[in-house]
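Colleague: Structure for this input, please:
(one chain, ligands or ions: 1)
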Amino acid sequence: MLGLPDRITALLFDLDGVLTDTAAVHAQAWKQTFEEEGYTFDIATDYVLYVDGKAREDGIRSFLASRDVHPPESEITRIGTVKNDLVLRLIREQGVEAYEGSRRYLEAAKAADLQLALVSSSANAEEVLKVTGMDRYMQERVDGVVKRELNLPGKPAPDTFLEAARRLRVEPAHAAVFEDALAGVQAGAAGRFGFVVGVNRANQAEALKASGADVVVDDLGELL
Ligand SMILES: O=P(O)(O)OC[C@H]1O[C@@H](O)[C@H](O)[C@@H](O)[C@@H]1O
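Modeller: Presented below is the predicted three-dimensional model:
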């Protein structure tokens, strides 16, 4: 059913790039922020490898470490605030669109009585989910704010996905993970979830497979 093995009863969705087109906005905001800080920043490599899918501070730490820069926490927080102000401004200016295929998929999953949860690294997930009206599909939300409150390690660690499964009272083996970021697919594989769907929005089907995706699609509508 829905392109998933029969054992799957719960679906855990990433947000930016899986349900909404906000991944590109985040990438653009990170590029502008790091370039203003004096670094070269390539979306196809730097964003994909070091920042995509990770919590804000983890992304900053990981990108700067790739340049052998290891700043104090105050500096990480400062850069994070600059980027967040920018991404919120871009989102306000450009608006947020939910992918039509994803909306249809959520609708079908609800109709099939599957359990649904959102698992996003973003501290802005609640707002983004709400403006698209997709919050009504989700029984649970483990986002960047919850991650901070519970002090959970972020993606590529599996902990945020495991927390969502725990809240839905489902074993990881019976839950499927939907992710567009390499760090997110790695988290799904590390948590031994029953199925990992890689959503290829950035021409990286092979890398998603190599990171642990069981199947790779360009759009969730393909699974219907
Ligand atoms: O800075 P935020 O909104 O808390 O988001 C953190 C991360 O959230 C992820 O969903 C995005 O893929 C990243 O690009 C982003 O950096």
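Colleague: Report the separation between the residue nearest to I91 when sequence neighbours are not counted and the ligand.
Modeller: Counting by Cβ to Cβ, 6 or more residues apart in numbering, I91 lies nearest to V25, which is 5.9 Å off, once chain neighbours are set aside. Just so you know, the C-beta spots here come from the backbone N, C-alpha and C atoms, and that holds for glycine as well. According to Cβ to the nearest ligand atom, to the nearest Å, V25 and the ligand sit 9 Å apart.
Colleague: Ok, V196 next?
Modeller: For V196, the distance to the ligand - Cβ to the nearest ligand atom - is 16 Å.
Colleague: going forward, begin numbering at 568 instead of 1
Modeller: Done: numbering now begins at 568, and the last item shifts to V763.
Colleague: count of residues packed around that residue?
Modeller: 26 (other Cβ atoms under 10 Å).
Colleague: do P572 as well
Modeller: P572: 11 neighbours (other Cβ under 10 Å).
Colleague: can you pull the contacts of it?
Modeller: Applying Cβ atoms under 8 Å, 6 or more residues apart in numbering to P572 gives the contacts 761-762.
Colleague: Name the residues of the chain found near the ligand, please.
Modeller: Within the chain, the positions lying close to the ligand (Cβ under 6 Å from any ligand atom) are 582-583, 590, 593, 618-620, 622-623, 626, 651, 687-691, 711, 748.
Colleague: Just the ones in helices from these, please.
Modeller: When the residues of the chain next to the ligand are checked against helices (DSSP state H), the matches are 590, 593, 623, 626, 651, 711.
Colleague: Surely the last one touches N691?
Modeller: Yes: here G711 reaches N691: they are 7.5 Å apart, a contact under Cβ atoms under 8 Å.
Colleague: Which parts of this protein belong to which domain?
Modeller: For the chain, automatic domain parsing gives the domain ranges 577-588+664-790, 590-661.
Colleague: Need the distance between the two termini of the last one.
Modeller: When you say that, I think you mean domain 590-661. 13 Å (Cα to Cα, to the nearest Å).
Colleague: Repeat that for stretch 597-609.
Modeller: 10 Å.
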